[in-house]
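1. No letters, just coordinates:
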């Protein structure tokens, strides 16, 4: 038998041995027999259970959610049309306006504009198609001024009207030829209603190269019809298209970039009327022409309300502040001027690539791992975007680079918001857990102060409280005649009734002392009338005990009798004990006196004894019976009172009001 038992124990030890380093967890031990049927291998906890149990898993889940939403905002349905792309465009507009307002950057040798508006059409009465001579005069004025380049945002005539204005075609051709001897010249390409290119008159094309002196005036428009970007590649169906501004820059030997137009450079744009330029030419004011146009890029176009209007993110026109003109967009020649300005200043703005914006967003999503108070979270949601705005503006000013401020800010806000929700859920769960764990260990008032953080574990305070001590008389003798489980059942039923009475009158259970109780009124939260609450609680405890005793008699259990001592005075309240183990309690002379007089209830044949300090405060509310002075161990003699009360109905809830005679003690009631 012994040897068999030894073999059996050896087998058990083998089964319990840990796996060797080369043994996979859950596989049979190399020296043991195969696992017995019916023993399942340990299973992993489901994801939802891990999320419930681990704050770190919940944070990871929130991070993944924020990251997925951020990446979707960057790429769906496609990057140019994604939500974050739309927000970035709005952020770009606002940044351009801020920089123009608070950090204007003038452009050296800025672009000069010559224009046609409604007043020009009033001066020259012929139809626009017959303005060849007037256009020639403008070019002649430019030849005298010797600008660096002239860009004409007006389509060259495609039809001759020499029969009406003899020599007009030749005059314009001669002016084109002469101007090119001193300056670069680019014309805008003309298109018909179907978008196909139209051919200017051959007499004019003799002096112009289609591949050099012409460019389309079209620009990129975003989904909201606002022109923010410049790219000859994106504008073309395939390859690259020569743009009006790109051709001017190439003739001047400047590289043509692509990116966002820098609307922050250059001041408000004004223009000189076509008729005024012709006037300087006719007066022979060569100095004025050279002063205004010499060595600069000149753009010649229309500024009328009806033609060639573009929506721009900022108001460039100094001559169109508000009203109908601005609502309809701005002259297209201003857009061309700003593209050239951007190239002349610091270059176009380069947006962050999608992959880099994604990295910034993933970093911003990491805020879900940080824990903030609500106030700090709100401050962070305001200050961090402002900081990001400052960073973004510095990138524009110093590096001509567009930081993805909208994407990062939105991700930050999303991370803060979802983290706040997570914290709120965690707080509710934690409060529920604490309530479930501690509701049976401390009184509701103490628990609420702990839960709300009002109870400082390291601080003690002085408070004026009313203290109750109660004790079951002769319970030790009674318990000797009962089984242990019966003793516990009787005590639990007794304490259940007593605790309900205490909480009914806003009392705080300080502690249970065997079959006794220590109760505080006025701590941790001050109450309006702690002495009245304490006396009414004591009366209610006796009534509850009488009801419980009736149940005990029916069940064949012994009846319980208790004594109650009530005293009022100053005590020290707080977490009493060691740094490792403590509980909320009160200490002081008032506590000792309450305990001592409770011990004298049996001797005086009373169920309740009350000290003079209590009676002095509520003497008019109850009918008290003086019982004289009593010696109290470790204290000077104390005057005590009994109380007469008729306990035919449950005492009302504690409201601070005095009880009526039926609840508080008629002169003819029984002594307690």
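-> Noted; the coordinates are in hand. Small disclaimer: the values here were computed from a predicted structure and weren't measured.

2. Report the separation between residue 343 and residue 108.
-> Distance, residue 343 to residue 108, by CB to CB, to the nearest Å: 13 Å. Glycine gets a C-beta too; all of them are placed from N, C-alpha and C.

3. Looking at those two, which is more packed in?
-> residue 343 (24 against 6; other CB atoms under 10 Å).

4. For residue 107, see how far away that one is.
-> Taken as CB to CB, the span from residue 343 to residue 107 is 10 Å.

5. Please apply the same query to residue 135.
-> 27 Å.

6. between those two, which one's more packed in?
-> residue 135 (23 against 19).

7. what's the more buried one in contact with, if anything?
-> 152, 154, 172, 175 (CB atoms under 8 Å, 6 or more residues apart in numbering).

8. quick check, nearest of those residues to residue 558?
-> residue 154 (115.4 Å; CB to CB).

9. Isn't that closest one up against residue 304?
-> No - contact between residue 154 and residue 304 fails when scored by CB atoms under 8 Å: they sit 11.8 Å apart.

10. Would you mind listing the residues touching both of these two?
-> Shared contacts of residue 154 and residue 304 (CB under 8 Å, 6+ apart): residue 116.

11. So between these two, which is more surrounded?
-> residue 154 (21 against 17).

12. so where's the chain uncertain?
-> Along the chain, segments meeting pLDDT under 70 span 1-54, 321-327, 434-459, 645-671.

13. Paired strands for the longest strand seen in it, with orientation please.
-> Counting by DSSP state E, the longest strand found in the chain is strand 562-577. Note on strand 562-577: by DSSP bridges, its sheet partners are strand 460-472 (antiparallel), strand 582-587 (antiparallel), strand 608-611 (parallel).

14. buried ones in whichever helix or strand comes after the first one?
-> Pointing back at strand 460-472 there. Next helix or strand after strand 460-472 toward the C-terminus (DSSP states H and E): helix 475-480. Under the neighbour-count criterion of 16 or more other CB atoms under 10 Å, helix 475-480 has 475, 478-479 buried.

15. Tell me which residues of the helix or strand harbouring residue 59 come out buried.
-> Assessed by DSSP H and E, residue 59 sits inside helix 55-75. For helix 55-75, the neighbour count (16+ other CB under 10 Å) marks 58-59, 61-63, 66-67, 69-71, 73-75 as buried.

16. ok so residue 203 is a helix residue?
-> Yes - Residue 203 sits within a helix when classified using DSSP: H, G, I helix; E, B strand; the rest coil.

17. what about stretch 97-111, distance to the chain center?
-> 34 Å (CA atoms, centre = their mean, to the nearest Å).

18. how about the nearest residue to residue 93 once chain neighbours are set aside, what does it touch?
-> Nearest residue to residue 93, sequence neighbours excluded (CB to CB, 6 or more residues apart in numbering): residue 313, at 3.9 Å. Applying CB under 8 Å, 6+ apart, we find residue 313 in contact with 92-93, 96-97, 226, 228, 263.

19. Same question for residue 581.
-> Taking CB under 8 Å, 6+ apart as the definition, residue 581 has no contacts.

20. Over to residue 182?
-> Residue 182 sits in contact with 143, 146, where contact means CB under 8 Å, 6+ apart.

21. how close does it get to residue 147?
-> For residue 182 relative to residue 147 (CB to CB), the value is 8 Å.

22. Same check on residue 423?
-> 65 Å.

23. more crowded one of the two?
-> Taking neighbours as other CB under 10 Å, residue 423 and residue 147 compare with residue 147 leading, 23 against 17.

24. So that one, which state does it fall into?
-> On the three-state scheme (three-state DSSP), residue 147 is labelled coil.

25. from what I can see it touches residue 296, true?
-> Yes - contact status for residue 147 versus residue 296: in contact at 5.4 Å, counting by CB under 8 Å.

26. Touching both of those two, which residues are there?
-> residue 112.

27. got the buried residues for the longest strand of the chain?
-> Quick answer for strand 562-577 (16+ other CB under 10 Å): 562-569, 571, 573-575.

28. tell me how far that strand is from the chain's mean position?
-> 47 Å.

29. how about the strands in the stretch 51-200 of the chain?
-> 112-116, 149-152, 184-188 (DSSP state E, counting those that start in this stretch).

30. which helices and strands sit right next to whichever strand or helix holds residue 421?
-> Using DSSP H and E, residue 421 falls within helix 405-438. If you count contacts as 3 or more CB pairs under 8 Å, 6 or more residues apart in numbering; DSSP states H and E, helix 405-438 packs onto helix 55-75, helix 83-102, helix 354-365, helix 374-399, helix 444-452.

31. Same list, those helices, but as CSV with distance to residue 640 please.
-> Shown next, in CSV, are those (distance: least, CB to CB, whole Å):
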stretch, distance to residue 640
helix 55-75, 55
helix 83-102, 78
helix 354-365, 69
helix 374-399, 52
helix 444-452, 28
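
32. Go through those helices and name the closest to residue 203.
-> Proximity to residue 203 (CB to CB) singles out helix 83-102 among the helices and strands packed on helix 405-438, at 43.5 Å.

33. got the contact list for that closest one?
-> 70, 72-74, 76, 79, 105, 222-224, 226, 228, 260, 262-264, 313-314, 351, 357, 389, 392-393, 396-397, 402, 404-407, 410.

34. before we move on, what about stretch 555-565?
-> 468-475, 478, 481, 486, 490, 494, 538, 541-542, 545, 548-549, 552-553, 594-602, 606-609.

35. What is the end-to-end distance of that stretch?
-> 30 Å (CA to CA, to the nearest Å).

36. repeat for stretch 603-610
-> 14 Å.

37. And stretch 171-185, by the same measure?
-> 16 Å.

38. got the buried residues for it?
-> Across stretch 171-185, burial judged by 16+ other CB under 10 Å covers 171-180, 183-185.

39. about what we covered before: show me what the helix holding residue 59 packs onto, helices and strands only.
-> Counting by 3+ CB pairs under 8 Å, 6+ apart, helix 55-75 packs on helix 47-53, helix 83-102, helix 354-365, helix 405-438.

40. and the angle for the last one with helix 374-399?
-> Compare the direction of helix 405-438 with that of helix 374-399 by axes from the mean of the first three to the mean of the last three CA atoms, to 10 degrees and you get 160 degrees.

41. Helix 405-438 relative to helix 83-102, how many degrees between them?
-> 120 degrees.

42. Out of the helices and strands packed on helix 55-75, which gets nearest to residue 590?
-> Closest among the helices and strands packed on helix 55-75, using CB to CB: helix 405-438, at 26.3 Å.

43. Now that closest one: buried residues?
-> Quick answer for helix 405-438 (16+ other CB under 10 Å): 405-416, 418-419, 422-423.

44. now do stretch 132-151
-> Within stretch 132-151, judged by 16+ other CB under 10 Å, the buried ones are 132-151.

45. do the same with stretch 249-263
-> Of all the residues in stretch 249-263, those buried under the rule 16+ other CB under 10 Å are 249-251, 256-263.

46. repeat for stretch 291-308
-> For stretch 291-308, by 16+ other CB under 10 Å, it's 292-294, 296-304, 308.

47. Now the terminal residues of it, how far apart.
-> End to end - CA to CA - stretch 291-308 spans 29 Å.

48. can you check stretch 149-159 too?
-> Per CA to CA, stretch 149-159 runs 26 Å from first to last residue.

49. picking that back up, do you know which of the helices and strands packed on helix 405-438 lies nearest residue 510?
-> Comparing those under CB to CB, the one sitting nearest is helix 444-452, at 9.2 Å.

50. buried ones in stretch 147-167?
-> Quick answer for stretch 147-167 (16+ other CB under 10 Å): 147-154, 156-157, 161.

51. Then stretch 507-520?
-> Under 16+ other CB under 10 Å, the buried positions of stretch 507-520 are 507-510, 515-520.
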